[in-house]
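>>> Here is a sequence with its predicted model. Questions after.
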Amino acid sequence: MRYLGIDLARSVAIIFVVVGHALTASNMGDAGVAVQALRFFLGLSPPVFFCLFGCMLQLVYARKYAAGRTTEIVQRLLTRALQCWMLYVLSCAAYCLAAGLPFTYFVRCAMLLGDTPFTDILKFYAMLLLISPLLVHVSVKRGLWPLVALVAAVQLSYPWISQLPPMQGFPGAGTLSAFLYGGKFIGHTGPSVIHGLGFVVFGMLMGRIWQSRPGREFLLSGPGYKVRAAVCILLATTLAWIWLSDVNLTVPAERIHLRNTNHPLYLLFGCSAAIIFVEVFTVLRRLTGLGNTSTWLVFGRTSLFTFCFGNIILYFAHLWNPEAAPDPVRFVLAASAALALSIAYGKFRDWKGLKSSRPLARAYRWTATDAAESIVRALTSPFLRPVQIKRAPHIERVVR
């Protein structure tokens, strides 16, 4: 079953990420109460996106892995990880060029030792894709409870992990340690990999619920009361923690602090938002009759492209002087250009001419997919069972 509500929620989350980055690029981040209220909803998008990535792992990849297509799934996920890293490197190059940073800093960024505004989401996503074959394997062979236990252990260890000192001894050591496990260095845009894994595992739990209720598009649909009761407990716990800790999540600085310090409340807040996101946009999909070919779903199919080339546009539209006045015209033009480029690429990718044997079509397929696939096969084939891979249709294999 195709869960179009999930697809729509994922596309909207990506749109929100781009709009949020465009606000920052045009110095509009603190431009009045209305913008701050908008940023509250935009700030939900990254954790929602990662939760929905976990849903995809469970609903699509784990099902095929369990059916015996282990080598194909492992290689496909690793291919996506390599594509994601390559696009991250490309966007880092654009960032360093636009900001006037030296080549040595670009090399640091490519080695995951630098911070890049906007594009760090690609770095985080590439790492999640790299470890996703292991997540899928554990889910199929052992179930989700070992992963849930791991996430719980990490969150319960927050008082100790948050006090770990950063790595030292080489440039970017602090950034690397914050990226991997967090610790005292909070200059890096969070969450860390081990903390962000919680969003993915929660998404896999959501996917398992859908799997147990085939044919039902709403996560909170019946039968039974256990899922609805669990969600009510999650929402009540999140709201109570927010109230008792006196955290004002409407203030961007407080939300950013929770994220960058990998606070457990940020995980609860993001997981709660993911459930609400999916249910709300499933309702909207039903009311509008939105179908699989809708333009609104393009962004979910071109996420890597959007996070790379959309952010490149924003880098060159960026007001690098933080003292410069907010520029709403620049914001509208930059956000519109980034989103329009993704729509155009989605239409281009669906063009039948790309499946032809013409030189340009072959060159595109090689650049977008075939090169990364070949590298991954060459590196993994000695360690995986030699099976004949049934190639997916071209529309599923190109860079998303």
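All right, it came through fine.

>>> quick one: the helices in the stretch 251-400 of the chain?
Along the stretch 251-400 of the chain, counting by DSSP state H, counting those that start in this stretch, helices occupy 252-260, 264-288, 298-301, 303-305, 311-317, 328-349, 359-365, 371-380, 394-397.

>>> Please name whichever of those is nearest to Val201.
helix 264-288 (9.7 Å; C-beta to C-beta). (C-beta placed from N, C-alpha, C; glycine too.)

>>> List the buried residues for the closest one?
Taking 16 or more other C-beta atoms under 10 Å as the neighbour-count basis, helix 264-288 is seen to contain the buried residues 264-275, 277-279, 281-282, 285.

>>> ok, now stretch 82-102?
Within stretch 82-102, the residues scored as buried using 16+ other C-beta under 10 Å are 82-96, 101.

>>> Minimum distance to Leu129: which of the helices of the stretch 251-400 of the chain has it?
If we rank those by C-beta to C-beta, the stretch that ends up nearest is helix 303-305, at 9.7 Å.

>>> returning to what we had before: kindly reformat the helices of the stretch 251-400 of the chain as CSV containing distance to Arg39 and mean pLDDT.
Conversion of the helices of the stretch 251-400 of the chain to CSV gives the following (distance: least, C-beta to C-beta, whole Å; pLDDT from 0 to 100):
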stretch, distance to Arg39, mean pLDDT
helix 252-260, 5, 87
helix 264-288, 14, 92
helix 298-301, 19, 90
helix 303-305, 21, 94
helix 311-317, 16, 95
helix 328-349, 12, 94
helix 359-365, 37, 90
helix 371-380, 35, 93
helix 394-397, 34, 40
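
>>> Could you look up the SS state of Thr116?
What DSSP: H, G, I helix; E, B strand; the rest coil gives for Thr116 is coil.

>>> I'd assumed Cys109 was in contact with it.
Yes. Because the distance of 5.7 Å satisfies C-beta atoms under 8 Å, Thr116 is recorded as touching Cys109.

>>> Common neighbours of those two, please.
Taking C-beta atoms under 8 Å, 6 or more residues apart in numbering as the contact criterion, the common neighbours of Thr116 and Cys109 are 92, 95.

>>> residue contacts, Phe53?
Under the criterion of C-beta under 8 Å, 6+ apart, the contact list for Phe53 reads 125, 128, 199-200, 203.

>>> Check Tyr3 too.
Taking C-beta under 8 Å, 6+ apart, we find Tyr3 in contact with 55, 59, 210, 217.

>>> one step back: just the ones of the buried residues of stretch 82-102 in strands?
For these, not one is inside strands, with DSSP state E as the criterion.

>>> Helices - which of these land there?
Secondary structure assignment by DSSP state H places 82-96 of these in helices.

>>> Run the chain-centre distance for stretch 251-259.
19 Å (C-alpha atoms, centre = their mean, to the nearest Å).

>>> Could you do stretch 39-57 as well?
Put simply, stretch 39-57 sits 7 Å off its chain's centre (C-alpha atoms, centre = their mean).

>>> Would you mark the buried spots in it?
Neighbour-count burial for stretch 39-57, with 16+ other C-beta under 10 Å as criterion, is recorded at 39, 42-57.

>>> Run a quick neighbour tally on Ala340.
Burial of Ala340, expressed as a neighbour count using other C-beta atoms under 10 Å, amounts to 12.

>>> Distance of it relative to Val148?
Applying C-beta to C-beta, to the nearest Å, the value for Ala340 to Val148 is 41 Å.

>>> And Val33, by the same measure?
Val33 is 39 Å from Val148, where distance means C-beta to C-beta.

>>> These two - which one has more neighbours?
Set side by side, Val33 and Val148 show more neighbours around Val148, with 15 against 8, by other C-beta under 10 Å.

>>> The more buried one touches Val201, doesn't it?
Yes. In this structure, Val148 is within contact of Val201 by C-beta under 8 Å, at 6.2 Å.

>>> could you say what helices and strands the strand or helix carrying Ala13 packs with?
Ala13 belongs to helix 4-25 when assigned by DSSP states H and E. Counting contacts by 3 or more C-beta pairs under 8 Å, 6 or more residues apart in numbering; DSSP states H and E, helix 4-25 packs against helix 33-42, helix 45-56, helix 264-288, helix 298-301, helix 311-317, helix 328-349.

>>> Run the angle between the second one and helix 252-260 for me.
Meaning helix 45-56. Between the axis of helix 45-56 and that of helix 252-260 there is an angle of 40 degrees, by axes from the mean of the first three to the mean of the last three C-alpha atoms, to 10 degrees.
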